[in-house]
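**Student:** structure for the following, please:
(one chain, ligands or ions: 1)
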Amino acid sequence: MSDLTADAVTTEHPGAGNPAAPGGGRTVASAVPPSLVDRLAAGVTAAGEPDLVETVAPLTGERLAGLPQSTPADVEVAFQLARRAQPAWAALPVRRRAAVLLRFHDLLLKRQDEVLDLIQAETGKARLHAFEEVMAVAMAARHYGRAAHAYLRDKRRGGALPVLTHTVEARRPKGVIGHISPWNYPLELSVGDALPAFVAGNAVVNKPDTQTALTALWARELLVEAGLPADLWQIVIGDGPVIGPAVVEHADYVSFTGSTRTGRDVARRAAERLVGASLELGGKNAMLVLSDADLDAAAAGAVRACFSSAGQLCISIERLLVHRSVADAFLERFAARTRALRLGGGLAYGADMGSLVSVRQLETTTRHVEEAVKAGATVLAGGRARPDLGPFFHEPTILDGVTPDMTVCAEETFGPVVSVYRFDTDDEAVAAANSTPYGLNSSVWTRDLRRGRAVAARLRTGTVNVNEAYAAAYGSIASPMGGMGDSGLGRRHGAEGILRFTEAQTVATQRLLPIAPSFGLDDKQFAGLMTGGLRALKALRFR
Ligand code: NAD
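**Tutor:** Below is the predicted model:
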């Protein structure tokens, strides 16, 4: 039985299914008029009279846009255009390319309201969660705008023979990156991931999810305004299984974010062509509340961890592991905070959680919850869809008593649902957290920071947040972010996040003497001389 009743859900915006209420009369239709859709749609690479594909605004269920569909032939054209534009861009000094990112940073912060409307219109998420995307992209633009030169400059390396071999490690752009992105963070996962590719001297052919293509097209327009040559970023739209493989087919490197199932297919196709790929995939992330945790802070953190973007966040927490001694006190706080969340669908700040993106996400969420409840799980908060608020709304939901036979136990829900488990020792918690093929993100709560970091070292996830939900690690742009195991290959952010878009090239120049018998030495004398030389290099601690 749900104890999060219609009354208990604070619908700050009465009739939140109607986006006019809280946004000062602003509706999705007025925020995203046909003129804007037409302007943005002109940025899609699609020839002739393309078929239109319709998208729906999740907040209301109304038609949002008709967007041109690219064909595999259009994808080929997109790569040709990008390939033609790339050499001149790569020939610019890194600082000139980086300046585009820094200008984009400023434009984005100035014009954020435009894209916040688009993100909300296309995903249905709360404005605060849309703003997290603006923050993440601004951080990436600043970081790579400022640090690209250091990442990309030629590095002097020890040569084969000291003094005689002058060696430099250089970074060359891959060429044209095939970039496939999902719908859940449409700004961050389209332009945020493309920025390091551009500053490294590449062109990008991007296939965003059709549902959220307007956001990607808006970001492209803004980046072009900041100085990016227009042909350098091509956007193609269409059915994933149809044009996704075409993108992989032509790419010099593939950057993919999406489900583990699709990621395996992308990896197979990239492997066949011997091009590299980074894969940012799914998760079943755990949060550990240790016995000494600050329970109020942990409860507030758990709300963010589980229900940001209505749980449609790859690093979202779906398994909550709580020390038995504090479980009751923690759950009381967590459930109270969850019940107090304000669900809403206005194009304005104020709601704590928005809608799910589609009927598919709603169905998965509902199925996971209903199946678990039927098999004996208890609902501590939430538990129901909320069609009264909008077609795809679902209450933030806490399940207790989940057992391994229930789908929700191990499968990614990608919705606002978390299951609670109790543990007695840190060892037990670490083993439970690691008992999944995924390995994306985790969160550890404790007052003893050394203990927190010791537990973190034993967790098999690409990021671990101590006393934070996910934003601390994700927002540390100078440090890599990505998944272990079934959660992916490669990393975004940090050095790896930009160097993946480059080829390493070693340029070694030999001076004075060849590395071969010379000056009348026979082979044996050369071998003897080199043997002495190798011993000397080790004794002199050459690396
Ligand atoms: P998805 O795999 O269905 O789609 C992702 C993208 O791939 C879309 O653009 C889609 O059109 C395209 N696609 C579909 N079939 C394809 C194919 N055969 N070849 C090439 N491209 C194809 O994923 P989704 O449901 O849109 O996104 C949700 C998933 O993404 C979740 O599992 C989530 O955890 C994951 N995700 C991971 C991260 C991360 O950083 N690790 C970030 C966000 C989302």
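**Student:** what does the stretch 301-450 of the chain have sitting close to the ligand?
**Tutor:** Within the stretch 301-450 of the chain, the positions lying close to the ligand (CB under 6 Å from any ligand atom) are Cys314, Glu412, Phe414, Leu440. Glycine gets a C-beta too; all of them are placed from N, C-alpha and C.
**Student:** 8 Å - rerun?
**Tutor:** Within the stretch 301-450 of the chain, the residues that sit near the ligand (CB under 8 Å from any ligand atom) are Gln312, Leu313, Cys314, Ile315, Glu412, Phe414, Leu440.
**Student:** cool, the stretch 151-300 of the chain as well?
**Tutor:** By CB under 8 Å from any ligand atom, the residues of the stretch 151-300 of the chain that approach the ligand are 180-185, 189, 207-210, 239-241, 243-245, 247-248, 256-263, 265-266, 269, 280-283.
**Student:** PyMOL command to pick out the buried ones of those residues?
**Tutor:** The PyMOL selection below is limited to those of those classed as buried (16 or more other CB atoms under 10 Å):
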select buried, resi 180+181+182+183+184+185+189+207+208+209+210+240+243+244+247+248+256+257+258+259+260+262+263+265+266+269+280+281+282+283
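**Student:** helices - which of the residues of the stretch 151-300 of the chain next to the ligand land there?
**Tutor:** Within those, residues falling in helices by DSSP state H are 240-241, 243-245, 247-248, 260-263, 265-266, 269.
**Student:** quick check, nearest of those to Asp448?
**Tutor:** Nearest to Asp448 among these, counting by CB to CB, is Thr260 at 34.3 Å.
**Student:** so that closest one touches Gly485, yeah?
**Tutor:** No. Thr260 lies out of contact with Gly485 (CB atoms under 8 Å); the separation is 9.4 Å.
**Student:** now for those two: what residues contact both?
**Tutor:** When contacts are counted by CB atoms under 8 Å, 6 or more residues apart in numbering, Thr260 and Gly485 are jointly contacted by Tyr438.
**Student:** hang on, the earlier thing: as a markdown table, the ones in helices among the residues of the stretch 151-300 of the chain next to the ligand with pLDDT would be great.
**Tutor:** Converted to a markdown table, those look like this (pLDDT from 0 to 100):
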| residue | pLDDT |
| --- | --- |
| Gly240 | 97 |
| Pro241 | 97 |
| Ile243 | 97 |
| Gly244 | 98 |
| Pro245 | 98 |
| Val247 | 98 |
| Val248 | 98 |
| Thr260 | 97 |
| Arg261 | 97 |
| Thr262 | 98 |
| Gly263 | 98 |
| Asp265 | 98 |
| Val266 | 98 |
| Arg269 | 98 |
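**Student:** among the residues you listed, which two are most distant?
**Tutor:** Among those, Ile243 and Thr260 lie farthest apart (CB to CB), at 20.5 Å.
**Student:** in space, what's closest to Val224 - neighbours in sequence excluded?
**Tutor:** Excluding the flanking residues, the one nearest Val224 by CB to CB, 6 or more residues apart in numbering is Ala230, at 5.0 Å.
**Student:** quick one, strands of the stretch 201-350 of the chain?
**Tutor:** Using DSSP state E, counting those that start in this stretch, the strands of the stretch 201-350 of the chain run over residues 203-207, 233-235, 253-257, 276-280, 285-289, 317-323.
**Student:** name the helices or strands packed onto the fifth one?
**Tutor:** Helices and strands in packing contact with strand 285-289 are listed as helix 295-307, strand 317-323, helix 426-433, strand 441-445; criterion 3 or more CB pairs under 8 Å, 6 or more residues apart in numbering; DSSP states H and E.
**Student:** not counting residues beside it along the chain, what's closest to Arg333?
**Tutor:** Leaving aside its sequence neighbours, Arg333 sits nearest to Ala299 (CB to CB, 6+ apart; 3.7 Å).
**Student:** hang on, the one you found packs against Arg337?
**Tutor:** Yes. Counting by CB under 8 Å, Ala299 does reach Arg337; the two are 5.4 Å apart.
**Student:** just to revisit the earlier point, any chance of a markdown table for the strands of the stretch 201-350 of the chain, columns distance to Asp522?
**Tutor:** Below are the strands of the stretch 201-350 of the chain laid out as a markdown table (distance: least, CB to CB, whole Å):
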| stretch | distance to Asp522 |
| --- | --- |
| strand 203-207 | 53 |
| strand 233-235 | 60 |
| strand 253-257 | 47 |
| strand 276-280 | 45 |
| strand 285-289 | 65 |
| strand 317-323 | 69 |
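**Student:** which residues touch stretch 523-542?
**Tutor:** The contact list for stretch 523-542 (CB under 8 Å, 6+ apart) reads Gly158, Leu161, Pro162, Ala516, Pro517, Ser518, Leu521.
**Student:** buried ones among these?
**Tutor:** The buried subset of the contacts of stretch 523-542 - by 16+ other CB under 10 Å - is Leu161.
**Student:** pick out whichever of the contacts of stretch 523-542 sits closest to the ligand.
**Tutor:** The closest of the contacts of stretch 523-542 to the ligand turns out to be Gly158 (CB to the nearest ligand atom; 36.3 Å).
**Student:** how far away is the closest one from Ala508?
**Tutor:** For Gly158, the distance to Ala508 (CB to CB, to the nearest Å) stands at 11 Å.
**Student:** ok, now Leu107?
**Tutor:** From Leu107 to Ala508 the distance is 42 Å (CB to CB).
**Student:** those two: who's more crowded?
**Tutor:** The residue with more neighbours, out of Leu107 and Ala508, is Leu107; 15 against 12, by other CB atoms under 10 Å.
**Student:** which residues does the strand or helix carrying Glu114 contact?
**Tutor:** Glu114 belongs to helix 112-123 when assigned by DSSP states H and E. Outside helix 112-123, the residues that touch it by CB under 8 Å, 6+ apart are 26, 28, 31-32, 55, 57-59, 64, 108, 125-127, 130-131, 133-134, 183-184, 186-187, 211-212, 214-215, 218-219, 222, 309, 312, 347, 354, 357.
**Student:** residue contacts, the spatially closest residue to Leu36 that is not a sequence neighbour?
**Tutor:** Once flanking residues are discounted, Leu36 sits nearest to Leu214: 7.9 Å by CB to CB, 6+ apart. Shown in contact with Leu214 (CB under 8 Å, 6+ apart): Val32, Leu36, Val37, Leu40, Thr55, Leu64, Ala65, Leu67, Leu118, Ala121, Glu122.
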